[in-house]
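1. next comes the sequence, and after it the predicted model I'd like to discuss.
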Amino acid sequence: MALQFFNTLANKKEDFVPIKEGEIRLYTCGPTVYNFAHIGNFRAYMFEDLLRRFLKYKGLKVTQVMNLTDIDDKTIKGCKAQGVSLAEYTQPYKDGFFEDLDTLKIERAEFYPEATTHIPEMVEIIKKLMTNGLAYEIKGNYYFKIDAFPDYGKLARIDLAGLKAGARVASDEYEKESVSDFALWKAWTPEDGDVFWETDLGKGRPGWHLECSAMSMKYLGNHFDMHTGGVDNKFPHHENEIAQSEGASGEKFVNYWLHCAHLIVEGKKMSKSLGNFYSLREILEKDYSPAAIRYLLLSTQYRMPLNFTFDGLDAAAKALRRYNDFWRNLAEFSGAGKGGAAGEFIDKAAAEFEKGLDDDLNISYALAAVFDFIRDINRLRSENNLTADERDRALQVLEKIDTVLGFQVQESSLDNESEIEDLVQRRTEAKKSRDFATADSIRDQLTAMDIVLEDTPQGVKWRKKV
RNA sequence: GGCGGCUUAGCCAAGUGGUAAGGCAGGAGUCUGCAAAACUCCCAUUCCCCGGUUCGAGUCCGGGAGCCGCCUCCA
């Protein structure tokens, strides 16, 4: 089956055809660095990670851009409150964002442009819009003239007439020609303090939406393949981006728009007042593993609302353990028996995994294929019907699948390894002399150290509890 | 109020009009000194509710309920 995505622009699933064969240019909306990102944000970044990894799995060369919004109302407010410069205020959150990406094993994009270092590019777009009759200036503020852009509303399917009829018109709106027009550039006001740029447009700062147009076109060209973000960005943010970009360049902006649904927590909307608003850091402090968080955020198809629960995290950790135990047990299996049955399961796993993700990243289907594979191969292993060659082929498929999932948990080396080895050895000796009381007490001791033992035909194995 | 999305077992979650994937939890076995891991079997006559279309509906249509999102500076 061909790779398909649900394109918001078309409002249906479409075959994915890249502009340039074998390559994809992708823009993913990034964080506003006024705080540490919360798990709802990471739902979106995780979806984009799955997208990126699967596109690479399919053999496409990916060029991904993710913006860092380091100038907006929230960052200005934040730096003023702390009495520091804008750059000083945002830097810890930029650093924190990249730390969090690493924690969740989210692959790095090719470019992370910052809004504050792309002001000239934004100014250029406004100048072009002025030239094209799509923007106007009032008292140093520049606005996009929506009436002059007939395509406005094509992404979000917004009926402008209806909007205007029902629009809440604030008292200060007299300044704009139309209430629907949005700001491209905001003239400096005293509230902005020392946050401003002196440009050909005057002294001020860019509006909400402009950075994404400027930075995407700079790194990906006027017309590129795909743009993603949360559903909340569909309107007005992405709609405005289209208007600005196409209005300035005269070319189609983006072919495929993908929007991921929101995350809810314990069945409720995540909000500070409900006390269920979590940053990634807060969840890690509760001793949940990054891998479990990754699994949970990844395991629901991106267009479905995701219910993030702590029970779900526990279940995710167990599913992940099964996945990793399978991998380790298979790698350690010496290969035995007739063989011959595994090939079918291996081929099926690879095909079904890809089939699921080809269908608009249906991760649930893909994961079902993976767990079917685990059970099928485990059965052959327990029946001694798996040759060394078949084992190696199964491992290869698993490795390929894990380039997309990123579920493999690397066992970190322990500093008390020799102590553990010593205890394991003493237990083995106690077992040999059938002194099970001693053997069991040593096992209890190891359990208390978070070490799990497995007695196998190949001898005793131990591992750190995940 | 307008527009859009969602509602499937105890929990999470797939599902192309043809008879309910997968994970977690739970129950019974096999293996084991006992465990652990693994394997086998069981675990939704039923898919929010009410109508309709159809030989056949979780899937299509109409109505209703609940939850979630968006509705343009600013709040």
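-> Arrived safely, thanks for sending.

2. CA only for contacts and neighbour counts going forward, please
-> Noted.

3. distance-wise, check the residue in the stretch 51-200 of chain A that RNA strand B sits nearest to relative to A:Leu263.
-> Nearest residue of the stretch 51-200 of chain A to RNA strand B: A:Ser180, at 3.3 Å (CA to the nearest atom of the strand). A:Ser180 sits at a distance of 29 Å from A:Leu263 (criterion: CA to CA, to the nearest Å).

4. so which of these two has more stuff around it?
-> Comparing A:Ser180 with A:Leu263 by neighbour count (other CA atoms under 10 Å), the higher total belongs to A:Leu263, at 23 against 18.

5. on that earlier part again, assumed the residue of the stretch 51-200 of chain A closest to RNA strand B was part of a helix.
-> No - read with DSSP: H, G, I helix; E, B strand; the rest coil, A:Ser180 is coil and lies in no helix.

6. for the residue nearest to it when sequence neighbours are not counted, give its distance to A:Glu211.
-> The shortest distance from A:Ser180 to any non-neighbouring residue, by CA to CA, 6 or more residues apart in numbering, is to A:Ile146 (6.8 Å). Distance from A:Ile146 to A:Glu211, counting by CA to CA: 18 Å.

7. same deal with A:Gly312?
-> 37 Å.

8. looking at those two, which has the bigger crowd around it?
-> Neighbour count, other CA under 10 Å: between A:Gly312 and A:Glu211, A:Glu211 has more, with 27 against 16.

9. just the pLDDT for the more buried one.
-> What the model reports as pLDDT for A:Glu211 is 93.

10. near RNA strand B, which residues of the stretch 201-350 of chain A? Just list them.
-> Residues of the stretch 201-350 of chain A that fall close to RNA strand B, judged by CA under 7 Å from any atom of the strand: A:231-236, A:261-262, A:264, A:267-270, A:296, A:299-301, A:303-309, A:311-312, A:314-316, A:318-319, A:322, A:325-326, A:329.

11. for the stretch 1-150 of chain A, same thing?
-> Those residues of the stretch 1-150 of chain A that sit near RNA strand B, judged by CA under 7 Å from any atom of the strand, are A:Asp73.

12. what pairs with the host helix or strand of A:Trp257, parallel or antiparallel?
-> Under the criterion DSSP states H and E, the helix or strand holding A:Trp257 is strand A:254-260. Here strand A:254-260 has these sheet partners by DSSP bridges: strand A:224-230 (parallel).

13. avg pLDDT for the helix or strand that the partner strand is followed by?
-> Next helix or strand after strand A:224-230 toward the C-terminus (DSSP H and E): helix A:239-249. On average, the pLDDT along helix A:239-249 is 94.

14. same question, stretch A:155-162
-> Here the average pLDDT along stretch A:155-162 is 70.

15. list phi and psi for A:Thr456.
-> Per-residue torsions, A:Thr456: phi -120, psi 170 (degrees, to the nearest 10).

16. distance-wise, check it relative to A:Glu332.
-> 11 Å.

17. and what of A:Asp15?
-> Relative to A:Glu332, and taking CA to CA, A:Asp15 is found at 41 Å.

18. quick revisit: please identify which of A:Thr456 and A:Glu332 sits among more neighbours.
-> Counted by other CA under 10 Å, A:Thr456 and A:Glu332 do not tie: A:Glu332 has more neighbours, with 11 against 8.

19. report pLDDT for the more buried one.
-> 89.

20. repeat that for A:Lys234.
-> 90.

21. and it, how far from A:Met66?
-> 17 Å.

22. below-threshold pLDDT in chain A: ranges please.
-> Residue ranges of chain A with pLDDT under 70: A:1, A:159-175, A:466.

23. am I right that A:Lys461 is in a strand?
-> Yes - counting by three-state DSSP, A:Lys461 falls inside a strand.

24. do a quick rundown of the helices in the stretch 101-250 of chain A.
-> A:119-131, A:160-166, A:210-220, A:239-249 (DSSP state H, counting those that start in this stretch).

25. check the stretch 251-400 of chain A too.
-> Under the criterion DSSP H, counting those that start in this stretch, helices of the stretch 251-400 of chain A are mapped to A:280-285, A:290-298, A:310-332, A:342-358, A:363-382, A:388-405.

26. hang on, the earlier thing: quick check: the residue nearest to A:Ser180 touching A:Ala183?
-> No - look at A:Ile146 against A:Ala183 with CA atoms under 8 Å: they stay out of range, at 11.0 Å.

27. rewinding a little: now find how far off-centre the strand holding A:Trp257 is within its chain.
-> The chain centre lies 15 Å from the centre of strand A:254-260; the measure is CA atoms, centre = their mean, to the nearest Å.

28. and the contacts of that strand?
-> With contacts defined as CA atoms under 8 Å, 6 or more residues apart in numbering, strand A:254-260 is touched by A:5-9, A:44, A:47, A:223-231, A:234, A:242, A:302-304.

29. about what we covered before: if you count surrounding residues, which of A:Lys234 and A:Met66 has more?
-> Comparing A:Lys234 with A:Met66 by other CA under 10 Å, the one with more neighbours is A:Met66, at 23 against 20.

30. give the phi and psi angles for that one, as a check.
-> phi -130, psi 120.

31. domain parsing for chain A?
-> According to automatic domain parsing, chain A comprises the domains A:16-260, A:268-405, A:417-464.

32. now the angle between helix A:210-220 and the strand holding A:Trp257, please.
-> For strand A:254-260 against helix A:210-220, the angle by axes from the mean of the first three to the mean of the last three CA atoms, to 10 degrees is 120 degrees.

33. give me the neighbour count for A:Gly406.
-> 19.

34. and the closest residue to it other than its chain neighbours, what are its phi and psi?
-> Nearest non-adjacent residue to A:Gly406, counting by CA to CA, 6+ apart: A:Lys105, 6.9 Å away. Backbone torsions for A:Lys105, taken as degrees, to the nearest 10, come to phi 60, psi 40.

35. now do A:Lys464 against A:Lys286, distance only.
-> From A:Lys464 to A:Lys286 the distance is 19 Å (CA to CA).
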